[in-house]
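Student: I'd like to go over a predicted model; first the sequence, then the structure.
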Amino acid sequence: MNVIPYGHQSIGEEEIAAVVEVLRSDFLTQGPVVERFEEEFARVVGAPHAVACSSGTAALHLAALAAGLGPGDRVLVPAVTFVASANAGRFVGADVAFADIDGDDLTLSPAAAEAVLEKARRDGRPFRALVTVDLAGHPCDMAAFGRLADAHGLIWIADACHALGATWTGPASGQGKAGPIPTAAERGRGRPRGGSAAAASICGVGDGDGRRQGGGAAAASPLAGPEESPPDPAGRTNAGADSLTRTWRVGEWPRPDFTVFSFHPVKHITTAEGGMVTTHDPRRAARLRRLRTHGIVRDPDRFVFREEAFDRDGQVNPWYYEVQALGYNYRLTDLQSALGLVQLRRLPEFLARRRTIVDRYRRELAGQPGVRFPAVRSGCVPAWHLAIVRIDYAGLGTTRGQVMRRLRERGVGTQVHYLPLPMMPFYAGSALMTNLPRSLGYYREALSLPLFPGMSDADVTRVLEALHEVLG
């Protein structure tokens with residue numbers, strides 16, 4: 001019996017043809033298709049700058065690097081997320097701490113985060129950065145975290161790896177903190193990161209790839225845009241909404257300093273592996289591009305060693321470039337970008353199918369004893385990446401392991417997203433699970449059902465029938 005996996009890519013002939021076309025072109029690695037993908041992605045999510053990279057993990061790492069995080073800094077992360085959300089801070093030498101989730105929608109709890117932030121400030125060990133996670137595709141409470149980030153002077157990295165295509169309702173103002181990130185010296189901490197002219201040039205606006213800046217303007221999108229008000233999950237419209245609110249696409253609101261996306265095969269679109277960082281500041285976009293490409297600068301206006309860079313007639317030497325920072329090879333290829341461009345055009349179709357499947361799960365499991373679903377916050381339209389159910393295994397006289405094995409015997413694959421990070425050996429001791437009761441309670445009940453656009457109605461029926469049979 002074939003097993004229906006919890007997630008799977010959806011690849012058609014158009015994607016295959018696009019990749020073959022690149023194979024027959026002059027560029028295989030980073031060429032013009034990467035830039036087209038960045039521009040189209042920026043248009044779809046409504047951000048002025050999008051920087052493609054090799055994975056969602058690389059995107060999170062680049063965001064932490066571009067933010068200037070490092071040793072001595074503290075980063076607050078939700079306890080329930082994939083490990084990369086926390087590892088990004090550790091990659092740059094920062095310390096990571098955890099806060100509890102909301103028991104209803106499963107995203108980071110603003111109240112829990114505020115309590116941790118306030119205690120840290122009282123103790124003289126304030127946080128410098130916040131990572132929010134749109135778990136399963138449900139946007140976190142963006143407005144609340146915008147206020148918290150402002151109140152505590154935090155760099156905000158929005159991990160939207162689950163949420164491409166989601167929308168939320170919030171402040172009508174598009175203005176947010178999107179200015180330059182202050183250096184350590186500017187913050188008065190007496191620990192400047194570098195001090196040479198070369199280091200100073202890293203913070204400028206030149207593009208390290210030698211390409212023009214920008215990833216496309218925030219223009220019309222196949223997703224809900226500024227003038228659109230999609231219905232909320234209960235079927236109501238925003239027609240009577242407060243005139244001071246509006247609908248935002250995830251990635252469109254400028255308050256987060258960086259928003260990160262993933263293109264792993266089980267995500268909404270895939271490039272096999274890949275990621276994207278969006279930002280509303282050209283200086284941050286330029287910094288991301290440099291760090292993505294070995295720290296290389298090709299813009300003559302930004303060269304430091306000018307005697308070596310220019311010939312006696314003043315023309316730039318054609319071989320010359322400069323490495324002005326410790327960067328990485330985190331580039332996405334033209335092959336992957338060609339796949340991503342076609343997938344991006346299919347995003348509305350993918351989102352609609354995911355929502356249809358989740359709606360059916362919710363409807364047909366509504367009366368199943370011991371089963372409940374996460375809540376959907378008013379004004380949010382999730383881009384369901386995961387179909388999570390919460391099951392009272394003990395109350396049903398069974399265990400999660402038994403349920404998963406019996407479902408697999410019936411051809412239904414499932415998974416758990418996620419084990420709380422403080423329960424992982426690497427992060428053991430970073431937080432007491434008694435201080436994270438909602439994270440622990442969620443973990444004890446969580447199960448992810450199959451969810452991907454290629455699922456047929458018969459597949460969904462098979463999942464439902466198997467679950468009803470196993471749970472009784």
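Tutor: Arrived safely.

Student: avg pLDDT for stretch 369-387?
Tutor: Confidence for stretch 369-387, expressed as mean pLDDT, is 98.

Student: same check, this time on stretch 96-105
Tutor: Per-residue scores along stretch 96-105 average to 98.

Student: do stretch 67-79 as well
Tutor: So the average pLDDT for stretch 67-79 ends up being 98.

Student: buried sites along it?
Tutor: 67-70, 73-79 (16 or more other CB atoms under 10 Å). Glycine gets a C-beta too; all of them are placed from N, C-alpha and C.

Student: most widely separated two among those residues?
Tutor: Gly68 and Ala79 (25.3 Å; CB to CB).

Student: out of the buried residues of stretch 67-79, who's nearest Trp168?
Tutor: Nearest to Trp168 among these, with distances taken as CB to CB, is Pro78, at 16.9 Å.

Student: where does the closest residue in space to that closest one that isn't next to it in sequence fall, phi/psi-wise?
Tutor: Closest residue to Pro78 apart from its sequence neighbours, by CB to CB, 6 or more residues apart in numbering: Leu108 at 3.9 Å. Backbone geometry at Leu108, expressed as degrees, to the nearest 10, gives phi -60, psi 130.

Student: Leu108: neighbour count?
Tutor: 31 (other CB atoms under 10 Å).

Student: quick check, it in contact with His138.
Tutor: No: the criterion here is CB atoms under 8 Å, and Leu108 misses it with His138 at 11.2 Å.

Student: do I have it right that Val77 meets Asp95?
Tutor: No: with contacts defined as CB under 8 Å, Val77 does not count as touching Asp95, sitting 10.8 Å away.

Student: any residues in contact with both of those two?
Tutor: Taking CB atoms under 8 Å, 6 or more residues apart in numbering as the criterion, Val77 and Asp95 both touch Gly89.

Student: what strand or helix carries Leu106?
Tutor: Assigned by DSSP states H and E, Leu106 belongs to no helix or strand.

Student: and it, what does it touch?
Tutor: 80, 135-136, 138, 374, 388, 442 are the contacts of Leu106 under CB under 8 Å, 6+ apart.

Student: in stretch 22-35, which residues are buried?
Tutor: Within stretch 22-35, judged by 16+ other CB under 10 Å, the buried ones are 22, 30-31, 33-35.

Student: quick one: end-to-end length of that stretch, please.
Tutor: 14 Å (CA to CA, to the nearest Å).

Student: same thing with stretch 6-15?
Tutor: Start-to-end, stretch 6-15 (CA to CA) is 22 Å.

Student: ok now it, how far from the chain's centre?
Tutor: In terms of CA atoms, centre = their mean, to the nearest Å, the centre of stretch 6-15 is found 20 Å from the chain centre.

Student: likewise for stretch 352-366?
Tutor: 23 Å.

Student: what pLDDT, on average, does it get?
Tutor: 98.

Student: how about it: buried residues?
Tutor: 353-355, 357-358, 360-362, 364-365.

Student: after the helix or strand of the chain with the lowest mean pLDDT, next one along is what?
Tutor: In the chain, the helix or strand scored least confidently by mean pLDDT, DSSP states H and E is helix 197-201, which has a mean of 31. Downstream of helix 197-201, the first helix or strand assigned by DSSP H and E is strand 245-249.

Student: what's the average pLDDT for that following strand?
Tutor: Mean predicted confidence for strand 245-249 is 96.

Student: return the distance of the helix or strand just after that strand from the chain's centre.
Tutor: Next helix or strand after strand 245-249 toward the C-terminus (DSSP H and E): strand 258-262. For strand 258-262, the distance from its own C-alpha centre to the chain's C-alpha centre is 4 Å (CA atoms, centre = their mean).

Student: any idea of the angle the following helix or strand past strand 258-262 forms with strand 258-262?
Tutor: Later in the chain than strand 258-262, the nearest helix or strand by DSSP H and E is strand 275-279. Going by axes from the mean of the first three to the mean of the last three CA atoms, to 10 degrees, strand 275-279 is angled at 160 degrees with respect to strand 258-262.

Student: what about strand 275-279, distance to the chain center?
Tutor: Per CA atoms, centre = their mean, the centroid offset for strand 275-279 relative to its chain is 8 Å.

Student: what about dumping the CA coordinates of it to PDB?
Tutor: Extracted C-alpha coordinates of strand 275-279, given in PDB (Å, rounded to 0.1, in the frame of the first residue of the first chain):
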ATOM      1  CA  GLY A 275      15.200  30.500   0.800                       C
ATOM      2  CA  MET A 276      14.500  34.200   0.600                       C
ATOM      3  CA  VAL A 277      15.000  37.200   2.800                       C
ATOM      4  CA  THR A 278      12.800  40.200   2.300                       C
ATOM      5  CA  THR A 279      13.400  43.700   3.700                       C
END
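
Student: and the longest helix along the chain, what other elements does it pack with?
Tutor: The single longest helix within the chain, with elements called by DSSP state H, is helix 347-364. Secondary-structure packing of helix 347-364 (3 or more CB pairs under 8 Å, 6 or more residues apart in numbering; DSSP states H and E): strand 387-391, helix 457-471.

Student: tell me which residues in the helix or strand following the first one are buried?
Tutor: The first helix or strand that comes after strand 387-391 along the chain, using DSSP H and E, is helix 400-409. In terms of neighbour count (16+ other CB under 10 Å), helix 400-409 has its buried residues at 400, 403-404, 406-407.

Student: list the buried ones in the next helix or strand after helix 400-409?
Tutor: Later in the chain than helix 400-409, the nearest helix or strand by DSSP H and E is helix 437-445. In terms of neighbour count (16+ other CB under 10 Å), helix 437-445 has its buried residues at 438-440, 442-443, 445.

Student: output the buried residues of helix 400-409 in CSV; the columns should cover pLDDT.
Tutor: Below are these laid out as CSV (pLDDT from 0 to 100):
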residue, pLDDT
Arg400, 98
Val403, 98
Met404, 98
Arg406, 98
Leu407, 98
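
Student: closest to Ile296 among those?
Tutor: Using CB to CB, the buried residues of helix 400-409 come closest to Ile296 at Met404, 47.2 Å.

Student: got a list of what the spatially closest residue to the closest one that is not a sequence neighbour touches?
Tutor: Nearest-residue entry for Met404: Thr414, 5.2 Å, with adjacent residues in sequence omitted and distances by CB to CB, 6+ apart. Thr414 makes contact with 6, 403-404, 407-408, 447-450, according to CB under 8 Å, 6+ apart.

Student: in what helix or strand does Val75 lie?
Tutor: Short version, using DSSP H and E: Val75 is in strand 74-78.

Student: who are the packing partners of the following helix or strand past that strand?
Tutor: Sequence-wise, the next helix or strand downstream of strand 74-78 (DSSP H and E) is helix 84-91. Under the contact criterion of 3+ CB pairs under 8 Å, 6+ apart, helix 84-91 touches helix 56-66, strand 74-78, strand 95-99, strand 129-133.

Student: would TSV of the ones you listed with distance to Glu469 be doable?
Tutor: Output for those, formatted as TSV (distance: least, CB to CB, whole Å):
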stretch	distance to Glu469
helix 56-66	36
strand 74-78	34
strand 95-99	37
strand 129-133	33
